[in-house]
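**Student:** What shape does this take:
(chains A, B and C)
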Amino acid sequence: MYRIKAANTYEKRPEDPRGNSYVDYRHKKQDKLDEQLNQQKIDDLFVDCVIMLNGRLEPSANYLRQLIGTHGGKVVFQYMPGVTHIICQNLSASKFIQYSKKTIPVLLPKYILSCVEHKTLLDTTEFILPQLLLEQTQQTQQTQQTQAQEPSPEFRMSQINFNYVVEPVVLDPDSERIQQKLQNLEQQIKIYQLNEIAQIDYGEVIQNVQNTDSQKSSPTQLQYIQNSPVKTHDKINVREYHEQSRLHHLSQWKVEAQQFLIQNPPQGPKPNDTAAPLFMHIDIDCFFVQASYSALSAQQQLLYQSLPLCVCSSSNTGQNSTADIASCNYVARSYGIRNGMWLRTAQEKCKELVILKYDFQVYSEQSKRFYQNLLDISSQIMPVSCDECYIKLSGLISNKEEFMTELKAKIKRSTGLITSIGLGSSLIQARIATKLGKPNGQIHIGKEQFIELIKHKTVDFLPGIGQETATVMNSIGIYSVGDLQHAQLNLLQQTFGEIKGQQLFNSSLGIDSLVFKPIQGGQQQKSKQLQVSQNFGVRLTTLLQLKQFIYNLLVELQAKQKERNQQINRIILHLNVVAKNANPQWAKNGGCGQCEKTTSSCSIQGEVTEYYEQILEPILSQFRVEDVRGADIVGVCGEQQPEIIRNKTNKINDRTSLNQFKELLNNFQEQQQNTNLITGDISQIDQIQDENVREKVKQVIGLQIIKRGNLDDVLKYDDFQQKNYYMQQMWGEFL
DNA sequence: AGGGTGTGGTAGC
DNA sequence: AATCGCTACCACACCCT
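**Tutor:** Prediction:
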């Protein structure tokens, strides 16, 4: 089912001098919409129905509204008397309680689609929202269980702590609302009995958390699945885990670098904004390896001087070792070893590979020394990471080569580390220059050179283009940076979105999409987001463990908030649940493997940890406890209210289209492999309702055929007429 | 229309 | 045979009022 593109169904809110309420306006609007839809009516399928749509739906609420309207039904978006059906997909805790009280059926959007398909109003039982269904069966099960005197050791997700829906801070002094809340609360207590186990253990969690206040680690113990193939600690302690996580430190060092620059403002001259723009990008070559090496004794250094080196968390080279290489030097790279490669694989490629240990202390010190050397160059520095930054040099440098050589020598003297420097008239040019120069490089490139130099690189050579973007690019026939340089901006924007498309195109031509934001000395840098997460070595078996784990994450988040002196007004919970069809092998190394990801957030005021229940409930009510068994709970991410900068341009394309497009393309490619290209079923392309996307798919698949030389296959047909017929049938005017 | 919320991609070693 | 892991940021889609 393809979505009708979200037409702009909203009307401008009228100025109303007579002070009519917004509600009036909404009623009027509702009537008007109904009238409009009635005019397009096909049949009277839903004629006696008043259908309420709620929340995020698939297909979208807008699509359903039109669908119902054209079949004679009435649609509302708020509950009102007379509603006959509620269509809903995910229920938040409060709505869950509201709806479970009503006798109106709460159904999945599939109901509407099926009714339309069968041209009749179907029985609703098949389409009841699973959450509510679960609740019903649970209640019957419960009564059965109590009769059988067989209490379950675990408890259901949807059953927990609904009696704690009161907000810790009542934001709205409106008494009516508070009364309603109290009423709700009463109802909830009637419906849901607090589980005794939960009560006791929740108390324990609180106690444990209080213990952490004295900087000591939380004694909260979370057991792993017995006989789990994962060999990690038998406790999960977020703080302890982070101590040994290289990525955690990497992220922290970036913040440290920013703070270092705030406390030690660059004393260098101010760049001349009227001069020709000149930016420097500097990066320490294989930072971890060099830094670990620099901490070795002189004797060892001599020994390892020209050997292949790598840094790895483990020197365990056993068959089952899945440790990966954090960083490897260029000697090692000559053997085909790469960052991120599994140690075992790397050692197969090079038996002499020397494994160095992490030394986070040294990395942090070296990072500071590195930045110390950059302070007198210019007043404008923008750190990228602990070992990498941009510096604005416009009008400050006379002899570029000399400057770069001297700077490199200076850093080498001070830290013993070898760096690469790139100069360019934009950030991305400088960045690419460094990349091309590594290791131990010093390059200056201009725009013309830039375009020539990277023409033949694959698109993922450009910063900002990762695996996903590269795959989509390939699918629209763009493989090299040169292809991108000559691509149609229009096509890029249709595929990636207006802004993103433009940015990608700009990148290929050496024009920045990254904004140069130098650190302002003395000013507190406020980030827009604070996040705490742990994805490794987490194997939770019970709901209680899950709750404890999330609470611990929240404690860490709160600590971070205080440390950084920042306010948090929204909390986001990310939850990874092992996908149903996930290969169990994948999670063997302690990671998440293939997961289904869910996000839920709530606005907060006050202490982060107070919102424990609010965050949990909506998201947990979607799962049964069985589903969470073996789930990986990812993290809690607190967010500051970001600056609202709305993008006011018209959207050409929406993500749904992009996803549909990807799917179609995959289907088509599968078919191509299985059948003759010519007979490949392309009828589905014509079913795409969105004209833009349909045309794009045709265009793209056409492009693909040309790119891959498959056009020749078509041309093999001797019969010219038949050939033409196929061509036309497939691509219409596109070929 | 603008605010709120959910999704997904990227970089750094 | 398999591409994680942590944190911060951006662009974007979609719903609610």
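
**Student:** Give me the below-cutoff pLDDT ranges for the stretch 201-350 of chain A.
**Tutor:** Judged by pLDDT under 70, the stretch 201-350 of chain A has its weakly predicted residues at A:201-236, A:315-321.

**Student:** residues from it in reach of DNA strand C?
**Tutor:** Residues of the stretch 201-350 of chain A lying close to DNA strand C by CB under 7 Å from any atom of the strand are A:241-242, A:245-248, A:250-252, A:254-255, A:324, A:326, A:340, A:342, A:345. C-beta here means a position set from N, CA and C on the backbone, and glycine is covered the same way.

**Student:** What subset of the residues you listed is buried?
**Tutor:** Neighbour-count burial (16 or more other CB atoms under 10 Å) applied to these gives A:Y241, A:H242, A:S245, A:H248, A:L250, A:Q252, A:K254, A:V255, A:D324, A:A326.

**Student:** Wait, a helix at the fourth one?
**Tutor:** Yes. A:H248 sits within a helix when classified using DSSP: H, G, I helix; E, B strand; the rest coil.

**Student:** Which residue comes closest to it once chain neighbours are left out?
**Tutor:** A:H242 (4.3 Å; CB to CB, 6 or more residues apart in numbering).

**Student:** Can you report phi and psi for that neighbour?
**Tutor:** In terms of degrees, to the nearest 10, the main-chain angles of A:H242 are phi -60, psi -30.

**Student:** Check the stretch 51-200 of chain A for the residue nearest DNA strand B and tell me.
**Tutor:** Nearest to DNA strand B in the stretch 51-200 of chain A, going by CB to the nearest atom of the strand, is A:R56, at a distance of 6.0 Å.

**Student:** Farthest-apart pair in the residues of the stretch 201-350 of chain A next to DNA strand C, please.
**Tutor:** Pairwise distances among those were taken by CB to CB; the largest, 32.9 Å, belongs to A:V255 and A:T345.

**Student:** Specify the residue ranges that define each domain of chain A.
**Tutor:** A:22-133, A:196-248+A:522-639, A:275-340+A:357-440, A:459-508, A:655-734 (automatic domain parsing).

**Student:** Worst mean pLDDT among those?
**Tutor:** Among the domains of chain A, domain A:655-734 carries the lowest mean pLDDT, at a mean of 50.

**Student:** list the helices and strands the longest helix along chain A packs on?
**Tutor:** Determined from DSSP state H, the single longest helix within chain A is helix A:543-564. With contacts taken as 3 or more CB pairs under 8 Å, 6 or more residues apart in numbering; DSSP states H and E, helix A:543-564 sits against helix A:196-211, helix A:238-243, strand A:529-533, strand A:570-578, helix A:612-620, helix A:625-628, strand A:632-639.

**Student:** Name the residues of it that come out as buried.
**Tutor:** Neighbour-count burial for helix A:543-564 flags A:543-561, A:564 (criterion: 16+ other CB under 10 Å).

**Student:** Same question for stretch A:513-525.
**Tutor:** For stretch A:513-525, the neighbour count (16+ other CB under 10 Å) marks A:S513, A:L514, A:P518, A:I519 as buried.

**Student:** will you turn the residues you listed into JSON lines that also has secondary structure?
**Tutor:** Formatted as JSON lines, the buried residues of stretch A:513-525 follow (three-state DSSP):
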{"residue": "A:S513", "secondary structure": "coil"}
{"residue": "A:L514", "secondary structure": "coil"}
{"residue": "A:P518", "secondary structure": "coil"}
{"residue": "A:I519", "secondary structure": "coil"}
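
**Student:** Within reach of DNA strand C, which of the residues you listed are there?
**Tutor:** Restricting the buried residues of stretch A:513-525 to those within reach of DNA strand C (CB under 7 Å from any atom of the strand) leaves A:S513.

**Student:** Out of the buried residues of stretch A:513-525, which comes closest to DNA strand C?
**Tutor:** Within the buried residues of stretch A:513-525, proximity to DNA strand C (CB to the nearest atom of the strand) peaks at A:S513, which comes in at 6.6 Å.

**Student:** Run a quick neighbour tally on the residue lying closest to A:N272 once chain neighbours are set aside.
**Tutor:** Nearest non-adjacent residue to A:N272, counting by CB to CB, 6+ apart: A:G395, 3.0 Å away. Burial of A:G395 is recorded as 17 neighbouring residues (other CB atoms under 10 Å).
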